[in-house]
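What shape does this take:
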Amino acid sequence: MKFLFVLLLSALFVLPARAQSADNSETRKARLHANLHFLFPQLSEYQVTIGPIEPSAVVGMEEGAFVINGQQVQRFLTDPQDATLYLLAGGPFNAGLSQTELDDMGKARELEAAAEAQKTHEALLEATAGMPSKGPADAPVTIVEFSDFQCPYCAAAADTLRQVLTKYPDQVRLVYVQFPLDSIHPWARAASIASICAADQSIDAFWSLHDSYFSNQRAITKENILAQSRGRLGESGIDLAAWDSCADDAQSEGYQRASVVIERSMNVGGQFGIESTPGFFVNGYPINGARESAQFIDLIERALADTGE
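Numbers count the residues shown, from 1 in each chain. Just a heads-up that it's a prediction; the model follows:
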């Protein structure tokens with residue numbers, strides 16, 4: 001963990017006599033700890049302890065260190081009230097805020113995040129209109145998923161999303177957005193086109209292929225993707241001849257239309273910062289990568305609270 005700040009110590013250093021002692025109370029250290037986590041939320045993933053605080057050779061300052069995961073040491077300078085704290089190789093911040101002040105600022109931060117998520121959510125709903133979805137059309141929460149059928153992490157995420165949709169059958173809608181990374185996944189684009197061609201006739205046929213691709217990734221190759229898809233669609237009731245033309249004939253109107261859908265989907269992903277798969281937005285709140293269901297549930301509950309559900 002590195003803090004990318006710069007401290008010009010030459011402007012601070014003189015050589016007075018050191019003070020005799022510094023406040024090492026647990027109250028002070030708890031306040032420092034709370035302020036540090038507030039300013040750097042990423043520290044929640046680490047165990048951070050505060051070592052002894054000692055008098056410093058810098059006028060009016062004391063010095064100490066944060067220890068991260070029992071190994072990495074981040075030294076700091078601070079005044080006795082912690083109103084100006086410098087991370088060595090870091091800049092000053094106020095670490096003397098009370099818990100009440102931190103709580104108030106935290107609430108303001110949450111309101112700002114909710115407003116930003118709502119803005120993103122509305123833009124995503126407009127940008128993904130007409131893309132395959134499951135769940136109630138009027139569900140208060142929409143998960144927008146950017147995914148690649150050949151991506152193993154997307155397959156893991158598909159299992160997680162099934163759990164989530166089962167838990168929230170009336171409150172969550174899932175929208176699938178094609179994001180095939182064909183530079184690293186050789187059959188992903190063919191699968192996307194095949195699924196779009198299926199969706200043209202039946203949304204159930206689309207989800208049947210969706211489930212089949214993620215369940216059988218290891219058995220699928222660039223050479224057999226169409227045969228695998230056709231076998232899955234055999235009992236779907238769709239017009240397989242029309243699907244064949246759409247999925248297999250690069251000159252057909254259907255194939256060209258499916259290619260346009262993919263390009264549009266990729267552009268939407270780029271617009272919202274998607275660079276890899278899977279990527280999700282839960283009513284505008286982002287999640288990147290294959291995560292546990294608990295993380296989706298936390299954001300769903302937050303989104304439900306935002307909507308008053």
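
Now do the buried residues in the longest helix anywhere in the chain.
Longest helix of the chain, by residue count under DSSP state H: helix 99-127. Neighbour counts over helix 99-127 (16 or more other Cβ atoms under 10 Å) mark 102, 114, 117, 118, 120, 121, 124, 127 as buried. C-beta here means a position set from N, CA and C on the backbone, and glycine is covered the same way.

so for it, what's the average pLDDT?
Here helix 99-127 scores 93 as its mean pLDDT.

How about stretch 162-170?
Stretch 162-170 shows a mean pLDDT of 96.

circling back to that earlier point, which one of the buried residues of helix 99-127 is nearest to residue 136?
Taking Cβ to Cβ as the measure, residue 136 sits nearest to residue 121 out of the buried residues of helix 99-127, at 16.3 Å.

circling back: between the buried residues of helix 99-127, which is closest to residue 175?
residue 124 (8.1 Å).

The nearest residue to that closest one once chain neighbours are set aside: which element?
Leaving aside its sequence neighbours, residue 124 sits nearest to residue 144 (Cβ to Cβ, 6 or more residues apart in numbering; 5.0 Å). Secondary structure assignment for residue 144, by DSSP states H and E: strand 141-147.

Can you give me the buried ones in that strand?
Applying 16+ other Cβ under 10 Å to strand 141-147 flags 141, 142, 143, 144, 145, 146, 147 as buried.

try stretch 293-300
Result for stretch 293-300 [16+ other Cβ under 10 Å]: buried residues 293, 296, 299, 300.

Helices along the stretch 51-200 of the chain, start to end?
99-127, 152-167, 188-201 (DSSP state H, counting those that start in this stretch).

Check which helices and strands the shortest one is in contact with.
Contact partners of helix 188-201 among helices and strands, from 3 or more Cβ pairs under 8 Å, 6 or more residues apart in numbering; DSSP states H and E: strand 172-178, helix 203-215, helix 225-233, helix 240-248, helix 253-271.
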